[in-house]
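# Got a predicted structure plus its sequence, pasted below:
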Amino acid sequence: MTTLKKEYQFYLENQDELVTQHNGKYLVIHDCKVCGAYGSRDEAIAKARGELKLKLGQFLVQKCTPGDSDIVQHFHSRVAFAHA
């Protein structure tokens, strides 16, 4: 299982408890634990990359809300990878 899938599964399995503690916040999840809860997605990413020194792809940012309304977001990228 990839890292982000594992982090996402952690969120789903613990969603009810996390909502009780962090409703409406953006969670940074790394190694199947919440590393911080922030007021915006941008703040969560900045803290994860800055203070927590995590690289993109090593952590999940998930808005913590009840139900499934904020569970899935798709991001598209124009990144191209080339083999050397």
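Good, I have the coordinates.
# ranges for the strands of the protein?
26-30, 33-38, 60-63 (DSSP state E).
# Export those strands as a markdown table, with columns for mean pLDDT, mean neighbour count and distance to T20.
Where C-beta positions appear, they are placed from N, C-alpha and C, glycine not excepted. Listed next are the strands of the chain as a markdown table, based on pLDDT from 0 to 100; neighbours: other Cβ atoms under 10 Å; distance: least, Cβ to Cβ, whole Å:
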| stretch | mean pLDDT | mean neighbour count | distance to T20 |
| --- | --- | --- | --- |
| strand 26-30 | 98 | 22 | 13 |
| strand 33-38 | 98 | 16 | 12 |
| strand 60-63 | 96 | 21 | 15 |
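# which intervals of this structure have sub-threshold pLDDT?
1, 69-84 (pLDDT under 70).
# What segments of it are helices?
Applying DSSP state H to the chain gives helices spanning 3-22, 41-49.
# Distance to Q15 added to the strands of the chain, as CSV?
Formatted as CSV, the strands of the chain follow (distance: least, Cβ to Cβ, whole Å):
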stretch, distance to Q15
strand 26-30, 10
strand 33-38, 12
strand 60-63, 9
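# Ok, which of the ones you listed comes nearest F10?
strand 26-30 (6.1 Å; Cβ to Cβ).
# who touches the closest one?
For strand 26-30, the surrounding residues in contact (Cβ atoms under 8 Å, 6 or more residues apart in numbering) are 7-8, 10-11, 18, 34-41, 43-44, 47-48, 52, 54, 58-64.
# roughly how far is it from the heart of the chain?
Computed by Cα atoms, centre = their mean, to the nearest Å, the chain-centroid distance of strand 26-30 equals 4 Å.
# partners of that strand in the sheet?
Within its sheet, strand 26-30 is paired with strand 33-38 (antiparallel), strand 60-63 (antiparallel), according to DSSP bridges.
# could I get the shortest one in CSV with only the CA atoms?
The C-alpha coordinates for strand 60-63 follow below in CSV (Å, rounded to 0.1, in the frame of the first residue of the first chain):
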residue,chain,number,x,y,z
LEU,A,60,-1.6,13.8,3.6
VAL,A,61,-3.6,17.0,4.2
GLN,A,62,-7.2,16.1,4.8
LYS,A,63,-10.1,18.4,5.8
